[in-house]
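>>> dropping a prediction and its sequence here:
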Amino acid sequence: MTETLQLSFIGLGVMGGPMTAHLSRAGHRVTAYNRSPERAAKWRSAWEGEGLAISFAETPADAARGADIVFTCVGNDDDLAAVTLGGDGVLARLGEGALLVDHTTTSAAMARKLGEACAARGIGFVDAPVSGGQAGAENGKLAVMCGGWDEDMARARPVMEAYGKAIVHVGPVGAGQTAKMANQMCIAGTLAGLSEAVRLADAAGLDLDRTYEAISGGAAQSWQMDNRWQTMCRGEFDFGFAIDWMRKDLGYALDEAKRLGLASPVTALVDQFYADVQAAGGNRYDTSALITRLPEGNTKK
């Protein structure tokens, strides 16, 4: 086990809540903050029932006071700026020599901006977006893509091992966010192909379970196929990573690609497919709801 540290976690969503609990279970002293008092109360009740001694702060600044490391996991660039750079933000109270680790999926520009603000105050910074979804957070099996200085990574890694199964230092500040963009581009493209494959097999009258068994053992196998094929076949989408968040992430990816002078036509096309699902009311559906945009075939058995 790592040494016992004073930690703070800002953002108790479906990812941040379980991650905070893992830090407490690892033996650290943890203070939490969430902008929604109702959600904070929900987590407080759950953690007290488990016997976890996690304290709560009234503001991000209060949560950061005296912390060795502060973790953030909020919604987007604006949310992150509010909880870190605002008057009651983390950097208003986080002491020199401390470390800020951001698990939010943001733009690379935001990561670089926050990294510069931390450096000006003598604070370390790691941008560390995660992948693995709610299940990965709950089971402590997240993939963490990190950008930052070697010495900051050396401090952050043993603590993040409480909830990360694959923690990879990709490069300097901003590199973690760029790796997450690549991750989301891969997921979007995979789900587009998977959606068309399910519709094809169904319209042709194939047994969908046997079709999955036949193709999942070969080159087409993927996490999305293993975890979403069955639910896509059943039309179940009220769980998982929301389309609203995927479109936010793909927007960051497309902006970064443009900045680098790259064309990303497949990502741009799938992003518009997701816009169609949003327009039909699927904003909060799992990203596998991309299949709902495709009509069922005319030769259904």
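Here it is on my side, so go on.

>>> could you give the mean pLDDT of the helix ranked longest in the chain?
In the chain, taking DSSP state H as the definition, the longest helix is helix 175-203. Averaging pLDDT along helix 175-203 gives 98.

>>> from the contact counts, what lies against the helix or strand following that helix?
Downstream of helix 175-203, the first helix or strand assigned by DSSP states H and E is helix 208-215. Contact partners of helix 208-215 among helices and strands, from 3 or more CB pairs under 8 Å, 6 or more residues apart in numbering; DSSP states H and E: helix 175-203, helix 223-234. The C-beta positions use only the backbone N, C-alpha and C, and glycine is treated the same way.

>>> and the pLDDT at residue 3?
For residue 3, the model assigns a pLDDT of 87.

>>> should've said residue 26
pLDDT, residue 26: 98.

>>> could you do the one 5 residues further on as well?
The per-residue pLDDT reported for residue 31 equals 98.

>>> check residue 146 too.
Per the predicted model, pLDDT is 98 at residue 146.

>>> what segments of the protein are helices?
Under DSSP H, the chain gives helices at 16-25, 37-50, 60-64, 77-84, 108-120, 133-139, 150-160, 175-203, 208-215, 223-234, 243-259, 265-279.

>>> same list (those helices) but as TSV, adding mean neighbour count and distance to residue 285.
Output for the helices of the chain, formatted as TSV (neighbours: other CB atoms under 10 Å; distance: least, CB to CB, whole Å):
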stretch	mean neighbour count	distance to residue 285
helix 16-25	23	21
helix 37-50	13	21
helix 60-64	24	31
helix 77-84	20	22
helix 108-120	19	26
helix 133-139	18	14
helix 150-160	18	30
helix 175-203	20	12
helix 208-215	14	20
helix 223-234	17	11
helix 243-259	18	6
helix 265-279	16	7
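
>>> ok, the nearest residue to residue 131 once chain neighbours are set aside - contacts?
In space, residue 131 comes closest to residue 143 once its chain neighbours are excluded; the distance is 4.6 Å by CB to CB, 6 or more residues apart in numbering. By CB atoms under 8 Å, 6 or more residues apart in numbering, residue 143 lies in contact with 130, 131, 132, 136, 164, 165, 166, 167, 168.

>>> repeat that for residue 5.
28, 29, 68, 69, 159.
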